[in-house]
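J.: Here is a sequence together with a model predicted from it:
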Amino acid sequence: MSRHSKLYSVFFNKCPRCGIGDFFVTKNAYNLKNFDKMHKRCPHCNENLVPEPGFYQGALYMSYSFYVAFMVIYFLIFVNFFEKYIDYFLISIIPILIILTPYFYRLARRAWLALFIKPSSNELSS
Ligand SMILES: [Zn+2]
């Protein structure tokens, strides 16, 4: 995947502009002390990663859509392949969603910012 694609920055914790600087301070979504700490500006290209106060409230809708998409896919897998064990869908979905929370939180913020920032085609430009 090209470094200059939005998906690259969303999935690999990179600045959506340059694809080089990190978005969150730690790469580990399960570092419980620091998983939500963001860079205010891209350490590589100095892109503003917090355009305005409250900007990331919109990321709530992103994470909501990720949860829904995940549950639908997970449900379809159960229905198609493990129909006998469908009771386990309800039992397992709650802990799985809790475990995915920090991951989706970060994914949603990166996806939300990536909607508004065009990746640069030139690594040297900012
Ligand atoms: Zn950058």
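T.: Structure received.

J.: Any residues of the chain in contact with the ion? List them.
T.: Counting by Cβ under 5 Å from the ion, the residues of the chain lying close to the ion are 15, 17, 18, 21, 42, 44, 45, 47. In short, each C-beta sits where N, CA and C put it, glycine included.

J.: Go ahead and confirm the fourth one touches residue 48.
T.: No: because the distance of 11.9 Å does not satisfy Cβ atoms under 8 Å, residue 21 is recorded as not touching residue 48.

J.: where does this protein dip in pLDDT?
T.: Applying pLDDT under 70 to the chain flags the ranges 122-126.

J.: most distant residue from the middle of it?
T.: Seen from the C-alpha centroid of the chain, the residue lying at the greatest distance (Cα atoms, centre = their mean) is residue 84, 32.9 Å away.

J.: just to revisit the earlier point, which of residue 21 and residue 48 has more residues huddled nearby?
T.: residue 21 (19 against 13; other Cβ atoms under 10 Å).

J.: Run through the residues that contact the residue nearest to that one when sequence neighbours are not counted.
T.: Closest residue in space to residue 21, ignoring its immediate chain neighbours: residue 44 at 3.2 Å, by Cβ to Cβ, 6 or more residues apart in numbering. Residues near residue 44 by Cβ atoms under 8 Å, 6 or more residues apart in numbering: 15, 18, 20, 21.
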